[in-house]
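Colleague: Next comes the sequence, and after it the predicted model I'd like to discuss.
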Amino acid sequence: MSDTNASRDSGAQNPPHDVAVLGGGSFGTAMTKVLGENGHRVHFWMRDQAQADEIRKTGINSRYMPGVKLEGDIEPTTDLADAVSKAEVVFVAIPSKAFRAVIREHSNDFRDGQIVVSLTKGIEEHGFKLMSEILQEEIPRCQIGVLSGPNLAAEIAARDLTATVIAAKDPDVRRTVQDLLGCEYFRVYANVDVYGVELAGALKNIYAIVAGLASALDMGENAKAMLITRGLAEMSRFAVSLGANPMTFMGLAGVGDLIVTCTSSKSRNFRIGYAVGKGQNLDDAVKELGQVAEGIYTLKLVKERSEAIGIYMPLVRGLYEILYGNASIKAVINSLMMAVQNSDVEFILPRTISQ
Ligand SMILES: NC(=O)C1=CN([C@@H]2O[C@H](COP(=O)(O)OP(=O)(O)OC[C@H]3O[C@@H](n4cnc5c(N)ncnc54)[C@H](O)[C@@H]3O)[C@@H](O)[C@H]2O)C=CC1
Ligand SMILES: O=C(CO)COP(=O)(O)O
């Protein structure tokens, strides 16, 4: 695909670079669009040849983003080694279940010092690993970053005003990603708490499912606020116990992402909760969605982990009982509401441990 006038009009002020985006789903497509419009040559890898052919021919990824035209110098490919070898920076938007396998198979294709940024908001089943930890294990010679925040793919593709967070230990990585992605509709803030930013992105998917359930049951605005805020308390309690910085949860990757996914039916996790709240069975809801909803896997892992380390997570436990334990929604709500009344902000007033 050739460059167009539109591509350099979007506010990017930096020289064009070769970058790769791995993963041809909704988010890979949205980030490819931003990078292409910012004037960069994007080596856009996906496993499906027909999809790559369609994008090369029409500029449209009709399966994941119908009606959205990718502008600029986009090179769709099914050759991952070629995409990575040409890229200065690699963005990975592959669902958590397949993330390690794809990176491991191609670990020799990455270069020393190459910047690799995870866009994936999930946790690996074995060992409770986050994606940056997988990158660290599989391609330790690369410089690793994580991008996370309130970033509904469809809105980014529509050029709706959006902010995100690049988390990396190395300031050069943070600056490089800010320069590559930042433009008039996309702002990139920086954080150094990689673990907190990444864990926040994975955890909020659980509460988006809870919020979808509440919305299906027409529980009211007060209930919505209670769920979001108590979700924030719960996810930060858990993350801090694992080493995250509590202040990260005040930022875009924490409360920001929690708000957007808990209030929007554009969130796939929210939609799963809504469908179950309306009486649909979980498997059917997932099938009908046809896209990844990471929260349904994250929920199981976080429930197991929180119990193993003794962290109180009543919303996680309640949702687990509804989705996987056949508990009635009504019974779970009742037990949550009748639990011991406790501290609002436990970083100020410690929680009374009585559960
Ligand atoms: N869609 C969104 O609004 C956002 C998504 N994310 C995260 O990005 C990650 C990817 O999600 P989406 O692109 O939205 O999912 P999606 O469901 O739209 O697409 C998933 C893509 O992954 C590909 N895929 C699945 N297994 C694969 C494998 N073994 N090898 C290669 N490709 C494989 C599929 O073919 C598909 O192209 C998720 O962790 C999600 O949480 C993060 C921010 C926003
Ligand atoms: O992470 C997201 C927005 O920030 C996307 O959420 P869903 O995966 O629920 O669509």
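Modeller: Cool, got the structure. Ligands and ions are numbered 1, 2, ... in the order given.

Colleague: now what about stretch 280-288, what contacts it?
Modeller: Arg271, Ile272, Ala275, Val276, Ala293, Ile296, Leu323 (Cβ atoms under 8 Å, 6 or more residues apart in numbering). Yep, even glycine has a C-beta here, placed from its N, CA and C like the rest.

Colleague: Save those residues as JSON lines, and put in secondary structure, pLDDT and distance to Pro314 too.
Modeller: Putting those into JSON lines (DSSP: H, G, I helix; E, B strand; the rest coil; pLDDT from 0 to 100; distance: Cβ to Cβ, whole Å) gives the following:
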{"residue": "Arg271", "secondary structure": "helix", "pLDDT": "98", "distance to Pro314": "23"}
{"residue": "Ile272", "secondary structure": "helix", "pLDDT": "98", "distance to Pro314": "20"}
{"residue": "Ala275", "secondary structure": "helix", "pLDDT": "98", "distance to Pro314": "23"}
{"residue": "Val276", "secondary structure": "helix", "pLDDT": "97", "distance to Pro314": "18"}
{"residue": "Ala293", "secondary structure": "coil", "pLDDT": "97", "distance to Pro314": "22"}
{"residue": "Ile296", "secondary structure": "helix", "pLDDT": "98", "distance to Pro314": "19"}
{"residue": "Leu323", "secondary structure": "helix", "pLDDT": "97", "distance to Pro314": "15"}
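
Colleague: From the residues you listed, pick the one nearest Ala154.
Modeller: Arg271 (12.4 Å; Cβ to Cβ).

Colleague: ok, back up a step: a markdown table for the contacts of stretch 280-288, including neighbour count and distance to ligand 2?
Modeller: Output for the contacts of stretch 280-288, formatted as a markdown table (neighbours: other Cβ atoms under 10 Å; distance: Cβ to the nearest ligand atom, whole Å):
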| residue | neighbour count | distance to ligand 2 |
| --- | --- | --- |
| Arg271 | 22 | 8 |
| Ile272 | 25 | 8 |
| Ala275 | 21 | 13 |
| Val276 | 22 | 14 |
| Ala293 | 23 | 6 |
| Ile296 | 24 | 10 |
| Leu323 | 20 | 15 |
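
Colleague: farthest-separated two in those residues?
Modeller: Farthest apart among these by Cβ to Cβ are Arg271 and Leu323. That separation is 14.0 Å.

Colleague: hang on, the earlier thing: could you dump the contacts of stretch 280-288 to a markdown table with distance to ligand 1?
Modeller: As requested, the contacts of stretch 280-288 are exported to a markdown table (distance: Cβ to the nearest ligand atom, whole Å):
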| residue | distance to ligand 1 |
| --- | --- |
| Arg271 | 12 |
| Ile272 | 12 |
| Ala275 | 16 |
| Val276 | 19 |
| Ala293 | 8 |
| Ile296 | 12 |
| Leu323 | 18 |
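
Colleague: From those residues, pick the one nearest Gly127.
Modeller: The closest of those to Gly127 turns out to be Ile296 (Cβ to Cβ; 19.2 Å).

Colleague: ok, the closest one to Pro95 distance?
Modeller: With the distance defined as Cβ to Cβ, to the nearest Å, Ile296 ends up 12 Å from Pro95.

Colleague: List the contacts of Val302.
Modeller: Ile123, Leu203, Ile206, Phe238, Met313, Val316.

Colleague: In strands only, show me those.
Modeller: Ile123 (DSSP state E).

Colleague: ok, which pair from the contacts of Val302 is furthest apart?
Modeller: Ile123 and Met313 (14.3 Å).

Colleague: what residue ranges in the stretch 251-355 of the chain score low on pLDDT?
Modeller: Residue ranges of the stretch 251-355 of the chain with pLDDT under 70: 354-355.

Colleague: Identify each buried residue in the host helix or strand of Ala331, please.
Modeller: Per DSSP states H and E, Ala331 falls inside helix 329-337. Using 16 or more other Cβ atoms under 10 Å as the test for burial, helix 329-337 gives Ile329, Val332, Ile333.

Colleague: Quick one: list the elements packing against that helix.
Modeller: Contact here means 3 or more Cβ pairs under 8 Å, 6 or more residues apart in numbering; DSSP states H and E; on that basis helix 329-337 packs against helix 314-324.

Colleague: With just CA atoms, put the helix it packs on into CSV.
Modeller: Only the C-alpha atoms of helix 314-324 are listed here, as CSV (Å, rounded to 0.1, in the frame of the first residue of the first chain):
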residue,chain,number,x,y,z
PRO,A,314,-15.0,-10.7,47.2
LEU,A,315,-16.0,-9.5,43.7
VAL,A,316,-13.6,-12.0,42.1
ARG,A,317,-15.0,-14.8,44.2
GLY,A,318,-18.6,-13.8,43.6
LEU,A,319,-18.1,-13.5,39.8
TYR,A,320,-16.3,-16.9,39.8
GLU,A,321,-19.2,-18.5,41.6
ILE,A,322,-21.6,-17.1,39.1
LEU,A,323,-19.6,-18.0,35.9
TYR,A,324,-18.1,-21.3,37.0
